[in-house]
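# fold the following for me, if possible:
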Amino acid sequence: MALVRVERTDDGFVARNDRGAEVAIGGDEQGVFTPVELLLAALGGCNIVTVEPLTAQRGHRLARLAMTVQAEKVEPTLLGTITVTYDVEYPEGDEKAAEVFRAVAQRVEDKYCTVSRALREKSEISLELPE
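Below is the predicted model of the structure:
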């Protein structure tokens with residue numbers, strides 16, 4: 001189970017997990033993530049933290065592994081296509097690393113990234129309001 005508490009504070013809004021991590025949330029002001037940016041970060045994070053160990057376990061530790069995740073709003077409250085672009089540097093002399101990385105990254109996106117699957121399969125949202 002995943003659980004995050006989001007609340008208004010004196011300084012704005014913050015999301016916290018039960019392990020003590022927190023992230024500031026807001027509009028377009030400095031030092032905070034917008035909710036859409038957090039969604040994109042969740043998608044990228046889910047992919048990259050799954051791809052990295054699987055690639056390394058197959059003997060191909062990448063010299064650099066990063067990504068950008070972007071989307072434009074096609075309506076005021078609707079995103080268009082989300083594009084994930086990897087930035088990878090393969091280990092010198094490892095001719096098979098690119099092939100392994102591409103296969104792992106595609107498989108992770110298709111089947112193993114929970115955030116990708118939730119977005120693609122449109123997870124149901126249940127809103128519980130106090131009486």
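# in the longest helix anywhere in the chain, what counts as buried?
Ranked by residue count under DSSP state H, the longest helix found in the chain is helix 35-57. Buried residues in helix 35-57, counted by 16 or more other CB atoms under 10 Å: 38-40, 42-44, 46-48, 50-52, 54-55. For glycine as for every other residue, the C-beta is placed from the backbone atoms N, C-alpha and C.
# try stretch 99-119
Val100, Phe101, Val104, Ala105, Val108, Glu109, Cys113, Val115, Ser116, Leu119.
# got a pLDDT number for the first one?
Think Val100. On the pLDDT scale, Val100 is placed at 96.
# the third one now?
pLDDT for Val104: 97.
# settle this for me: it is touching Glu52, isn't it.
No: taking contacts as CB atoms under 8 Å, Val104 lies outside contact range of Glu52: 9.2 Å.
# quick one: neighbours of the residue nearest to Gly80 when sequence neighbours are not counted, just the number.
With CB to CB, 6 or more residues apart in numbering as the criterion, Gly80 has its nearest non-adjacent residue at 4.0 Å, and that residue is Val74. Close neighbours of Val74, defined as other CB atoms under 10 Å, add up to 10.
# now Val74: which helix or strand?
Val74 belongs to strand 73-75 when assigned by DSSP states H and E.
# helices or strands up against the next helix or strand after that strand?
Scanning forward in sequence from strand 73-75 by DSSP H and E, the next helix or strand is strand 78-79. Applying 3 or more CB pairs under 8 Å, 6 or more residues apart in numbering; DSSP states H and E, we find strand 78-79 packed against no helix or strand.
# quick one, the helix or strand following strand 78-79 and helix 35-57 angle?
Per DSSP H and E, the first helix or strand lying C-terminal to strand 78-79 is strand 83-89. In terms of direction (axes from the mean of the first three to the mean of the last three CA atoms, to 10 degrees), strand 83-89 departs from helix 35-57 by 40 degrees.
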